[in-house]
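# Fold the stuff below for me.
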Amino acid sequence: MAPISYLIWLTTRESIRADLAVGLLRHFDTAEAAYWAGAGEYDLLQLPPRLHRSLLDKKLDGAEEILERCDRQGISLLTCMDAAYPERLAQLPDHPLVLYVRGTLPRVDGEVTIGMVGSRRCTPYGQTMAGRIALELARSGAVVVSGLAEGIDAASLKGALQGGGRVISVLAGGVDVVYPAANRWLYEDIQGSGALLSENPPGTRPDGWRFPIRNRIISGLSLGVTVVEAAQRSGALITAREALDQGRDVFALPGPADAPMSGGTNQLISRGEARLVRSAWDILSEYAGQYPQKISFPPPFSQEETAARLAPCPTPAGAEPEEPSPKPREEDSLPLKSGAEFARLGDEQREIFLLLAEHKLTADDLVGRTDIPARRVNAALTILQAQGYLQELPGRRYTAAVRFDQDR
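Numbers count the residues shown, from 1 in each chain. Down below sits the predicted model:
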């Protein structure tokens, strides 16, 4: 059996956290040794009971299925044992043992990698500045690292691509799961001009609780992280905190004193936790001396050319949008709940809600689309409906009755 199979087996154990996976690998030296260990050896490590039980499950079918799926979908794997694995990431005590990659991952350790994060519900000011700064960074030779969410993530990635640069997008779900669906065009552009990567196997749903965990990878790959726009309770501040804990530089774009979407960034600056950013030069000046062969300073674009490059992409003539136009308006009108509420749901409840946020389905449909038994699907539907998160439609179909804001 190939060593990669044992690494996948280890990282897919129930209830395993990244730091526990790293600890087990260091204790046993190899994932294969961790696999062949017995109950007595696990007892000595005082592991959580669910993880202990999962380690006793020695079936490798799941790992082989993941490898076959990666092969079919053109997904490459990069493990912490590989020479190409980024040393910047390996320094983290909770680094991913396995990365799933679509596209071409740059040699991160030799690049000026800059993370860019911010609110999904950004203002036009934040969106414009994210695109402009990312475009300038990319034209000067930096690699932009971000998520794939709407708002600041999308604006940053688009700006970097329009600047002719390379980008890395770190996903909370599998690299074969496009989320949000509206960013499929961006997903495809990134795959052609950079890399999409995740620590989760293909097919993994982007459950809300996975996003904060994912943030450590964005900051871990980066020399510095730029927070473009964030409220005082924004999820982007989690990434800033991760960056500070990892010893990375943090930059922040200031905003009006009374602007809610700038409350978090202004606070980072006022506390001295972030350096004030007005342009890409405020970031690049920190690294130009250290990476002179990577940083250049091309003539700036005119305001008109910058605006044209950052303009919204029109829908191609004759092409139908992915979603009918009324649907986004209907979803936007749903009551907004905090991401903390979503995080308190059980794994199966979250999976079911995410499906019903995109589709109107019956209980039987849900059983067919998930690995959840019918009894537990019905129980989850009852709980979610009682909490006001779902509504029942004619034909015993269900749909989401609320939205969850992952920024809060």
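# got the CA positions of stretch 90-107 in PDB?
Taking Å, rounded to 0.1, in the frame of the first residue of the first chain, the C-alpha atoms of stretch 90-107 are listed here in PDB:
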ATOM      1  CA  ALA A  90       5.000  23.200   7.500                       C
ATOM      2  CA  GLN A  91       6.100  25.600  10.300                       C
ATOM      3  CA  LEU A  92       2.500  25.600  11.600                       C
ATOM      4  CA  PRO A  93       1.800  23.200  14.500                       C
ATOM      5  CA  ASP A  94      -1.500  22.400  12.800                       C
ATOM      6  CA  HIS A  95      -0.300  22.200   9.200                       C
ATOM      7  CA  PRO A  96      -2.400  20.000   6.800                       C
ATOM      8  CA  LEU A  97      -0.800  16.600   6.200                       C
ATOM      9  CA  VAL A  98      -2.400  16.400   2.800                       C
ATOM     10  CA  LEU A  99      -3.300  19.200   0.300                       C
ATOM     11  CA  TYR A 100      -5.600  18.600  -2.700                       C
ATOM     12  CA  VAL A 101      -4.700  20.800  -5.600                       C
ATOM     13  CA  ARG A 102      -6.300  21.900  -8.900                       C
ATOM     14  CA  GLY A 103      -4.100  24.000 -11.200                       C
ATOM     15  CA  THR A 104      -0.500  24.800 -10.600                       C
ATOM     16  CA  LEU A 105       0.700  25.700  -7.100                       C
ATOM     17  CA  PRO A 106       3.700  28.100  -7.200                       C
ATOM     18  CA  ARG A 107       6.800  27.400  -5.200                       C
END
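# where do the strands sit along the stretch 51-200 of the chain?
Here the stretch 51-200 of the chain has its strands, by DSSP state E, counting those that start in this stretch, at 76-79, 98-103, 113-117, 143-146, 167-170, 194-198.
# and the third one, which strands flank it?
The reference is to strand 113-117. Strand 113-117 has the following strand partners under DSSP bridges: strand 143-146 (parallel), strand 224-227 (parallel).
# Any chance of TSV for the strands of the stretch 51-200 of the chain, columns mean pLDDT and distance to residue 176?
The way it works is simple: take the backbone N, C-alpha and C, and place the C-beta from them, glycine included. Shown next, in TSV, are the strands of the stretch 51-200 of the chain (pLDDT from 0 to 100; distance: least, C-beta to C-beta, whole Å):
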stretch	mean pLDDT	distance to residue 176
strand 76-79	96	12
strand 98-103	96	8
strand 113-117	97	23
strand 143-146	97	19
strand 167-170	97	13
strand 194-198	96	9
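# show me where the stretch 201-350 of the chain has helices.
Ranges of helices in the stretch 201-350 of the chain, per DSSP state H, counting those that start in this stretch, are 210-221, 236-245, 263-270, 280-284, 303-310, 326-332, 339-343, 347-358.
# Quickly, which of the ones you listed bottoms out on average pLDDT?
The minimum mean pLDDT among these belongs to helix 326-332 (a mean of 43).
# which residues touch the closest residue to residue 81 other than its chain neighbours?
Computed as C-beta to C-beta, 6 or more residues apart in numbering, the closest residue to residue 81 that is not its neighbour in sequence is residue 3, at 7.1 Å. Shown in contact with residue 3 (C-beta atoms under 8 Å, 6 or more residues apart in numbering): 30, 31, 32, 81.
# sorry, back to before: which among the helices of the stretch 201-350 of the chain is found nearest to residue 296?
Among those, the nearest to residue 296 by C-beta to C-beta is helix 280-284 (9.6 Å).
# Packing partners of the closest one?
When contacts are defined as 3 or more C-beta pairs under 8 Å, 6 or more residues apart in numbering; DSSP states H and E, helix 280-284 packs onto helix 124-139.
# before we move on, the earlier item: mean neighbour count for the strands paired with strand 113-117 - can I get that in a markdown table?
As requested, the strands paired with strand 113-117 are arranged in a markdown table below (neighbours: other C-beta atoms under 10 Å):
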| stretch | mean neighbour count |
| --- | --- |
| strand 143-146 | 29 |
| strand 224-227 | 29 |
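# For these, give me a markdown table that also has distance to residue 193.
Shown next, in a markdown table, are the strands paired with strand 113-117 (distance: least, C-beta to C-beta, whole Å):
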| stretch | distance to residue 193 |
| --- | --- |
| strand 143-146 | 11 |
| strand 224-227 | 20 |
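# looking at the ones you listed, which is closest to residue 119?
Among the strands paired with strand 113-117, strand 224-227 comes nearest to residue 119, with 9.4 Å by C-beta to C-beta.
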